[in-house]
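Visitor: missing the sequence, but the structure's below:
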């Protein structure tokens, strides 16, 4: 039996959903999720269907696909699985018996030491030869992309690439963002790959060979004004709210009534609500700006007793995260500010505790890298940012359950951006 057929059986056994010939689309979706969970490699349903013969396809599976399936089956990679399969199929033929030659014990020991020394020397030489081999030259590769929509979500991105010079011993990937654990296996000899972005943001996509980044470029997915979302596990579709559904008199809110209308339960676990306003902003830099907004939660039942929320300023490849909670819950907060990160275990972040059933006024000022955070006009914390200066491109709010925002503005000198 060919190694690929045995790999199919090993994957079937690992997944535990019976023979693949009886699988439906849901079974392949589950397999894709399980492979991602185990290997951090995303294999699409169509790729898996081709491998298991559900879809006719003239080409052989890519090494990237075989490596991911082999790792899911419990092996290091495809070559490890293939060699293990060969060994298990091999049946040794007993040799003709010949008179044994007795070798003195001391001579046998010396010969053993000699063979061990030679083996160790060869290992060392191979290691240094491998280390001395040149890495990939990025000039041998190309990587670009285009979005299907100019703004709005969800949005598909078409990646164009040239990666044929990736060695057969390496797997080829595209990572959609800074988190290289969330990467998609690609065929190095193909030219295009499509991905769906479900959330706005500023991302740095990467073309990779194994763990080495060959090429990278930035992608911005804008929101077309305010966007309300109930998040979903990675790779799944979130629940979107239209601008009309979240716009009230003078504020942007995802209310308890709106969630119940969509049958989103608040018990026992709270849904994670996000409000985005991501745009092609220009001229607002992380070292000199003012940011103003007002927020409220308005829901404190069940697991929402702490009413935790976060306000994010999204910059190009950088982030500010301002935490808020009820005063009694400030012992578990984390603040991030363009290269600086502090937790309530080592710093006094009690100033970020407030009564969140009412509107809370937030102000952030940064002048020559010195950044200050104000909650209801009181200084909550101050520090100095450390990362290279870059442009701010959007805002995001994260709530545990219902929440709302209003009066959101970004200011730099005479330049003012009012979120709408």
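Guide: Great, that's in hand. Since we're looking at a predicted model, the values are computed, not measured.

Visitor: what domains does the record give for this protein?
Guide: 3-89, 138-221, 227-418 (automatic domain parsing).

Visitor: What strand or helix carries residue 382?
Guide: Using DSSP states H and E, residue 382 falls within strand 378-384.

Visitor: how far out from the middle of the chain is stretch 252-267?
Guide: Counting by C-alpha atoms, centre = their mean, to the nearest Å, stretch 252-267 is centred 27 Å from the centre of its parent chain.

Visitor: show me where the stretch 101-250 of the chain has helices.
Guide: Under the criterion DSSP state H, counting those that start in this stretch, the stretch 101-250 of the chain contains helices at 105-132, 243-246.

Visitor: hmm, back to that, redo the domains of the chain as a markdown table? Include distance to residue 118, mean pLDDT and mean neighbour count.
Guide: Placement of C-beta: from N, CA and C, glycine included. Output for the domains of the chain, formatted as a markdown table (distance: least, C-beta to C-beta, whole Å; pLDDT from 0 to 100; neighbours: other C-beta atoms under 10 Å):
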| stretch | distance to residue 118 | mean pLDDT | mean neighbour count |
| --- | --- | --- | --- |
| domain 3-89 | 23 | 83 | 17 |
| domain 138-221 | 25 | 92 | 17 |
| domain 227-418 | 50 | 95 | 17 |
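
Visitor: Show me what the helix or strand containing residue 68 is packed up against.
Guide: Using DSSP H and E, residue 68 falls within helix 63-72. Under the contact definition 3 or more C-beta pairs under 8 Å, 6 or more residues apart in numbering; DSSP states H and E, helix 63-72 sits against helix 3-15, helix 25-39, strand 41-42, helix 45-51, helix 78-89, strand 183-185.

Visitor: Any idea which of the ones you listed gets closest to residue 353?
Guide: Residue 353 lies closest to helix 25-39 among the helices and strands packed on helix 63-72, at 36.2 Å (C-beta to C-beta).

Visitor: So what angle separates the directions of the closest one and helix 63-72?
Guide: 80 degrees (axes from the mean of the first three to the mean of the last three C-alpha atoms, to 10 degrees).

Visitor: on that earlier part again, mind listing what the strand holding residue 382 pairs with, with the direction of each?
Guide: strand 370-375 (antiparallel) (DSSP bridges).

Visitor: if we look at stretch 6-24, which residues are touching it?
Guide: Residues outside stretch 6-24 that contact it (C-beta atoms under 8 Å, 6 or more residues apart in numbering): 27, 30-31, 34, 51-54, 66, 69-70, 72-74, 78, 81, 85.

Visitor: do that again at 10 Å, thanks
Guide: Outside stretch 6-24, the residues that touch it by C-beta atoms under 10 Å, 6 or more residues apart in numbering are 1-2, 26-31, 34-35, 38, 48-49, 51-54, 61, 66, 69-70, 72-75, 78, 81-82, 84-85, 88-89.

Visitor: how far does it sit from the chain's center?
Guide: Counting by C-alpha atoms, centre = their mean, stretch 6-24 is centred 27 Å from the centre of its parent chain.

Visitor: Likewise for stretch 148-166?
Guide: How far stretch 148-166 lies from its chain's middle: 16 Å, per C-alpha atoms, centre = their mean.

Visitor: now for it, what's the gap between its first and last residues?
Guide: Start-to-end span of stretch 148-166 (C-alpha to C-alpha, to the nearest Å) is 28 Å.

Visitor: same deal with stretch 346-366?
Guide: 23 Å.

Visitor: Repeat that for stretch 390-404.
Guide: Note: stretch 390-404 ends 28 Å apart using C-alpha to C-alpha.

Visitor: repeat for stretch 234-253
Guide: 24 Å.

Visitor: Skipping adjacent residues, who's closest to residue 160 in space?
Guide: Residue nearest to residue 160 in three dimensions, not counting chain neighbours: residue 144, with 5.0 Å by C-beta to C-beta, 6 or more residues apart in numbering.

Visitor: Ignore what I typed, I meant residue 282.
Guide: Counting by C-beta to C-beta, 6+ apart, residue 282 lies nearest to residue 391, which is 7.0 Å off, once chain neighbours are set aside.

Visitor: What separation is there between that neighbour and residue 289?
Guide: Using C-beta to C-beta, to the nearest Å, residue 391 is found at 10 Å from residue 289.

Visitor: now swap in residue 191 and tell me
Guide: For residue 191, the distance to residue 289 - C-beta to C-beta - is 41 Å.

Visitor: does residue 279 really touch residue 396, like I thought?
Guide: No: Residue 279 is beyond contact range of residue 396, at 12.0 Å (criterion: C-beta atoms under 10 Å).

Visitor: got any residues that touch both of these two?
Guide: Common neighbours of residue 279 and residue 396 (C-beta under 10 Å, 6+ apart) are 200, 223.

Visitor: From residue 253, how far off is residue 348?
Guide: Separation of residue 348 from residue 253 (C-beta to C-beta) stands at 31 Å.

Visitor: Run the chain-centre distance for the strand holding residue 382.
Guide: Relative to its parent chain, strand 378-384 has a centroid offset of 31 Å by C-alpha atoms, centre = their mean.

Visitor: try stretch 27-35
Guide: 18 Å.

Visitor: and the direction of the helix holding residue 68 versus that of helix 3-15, what angle?
Guide: 40 degrees.
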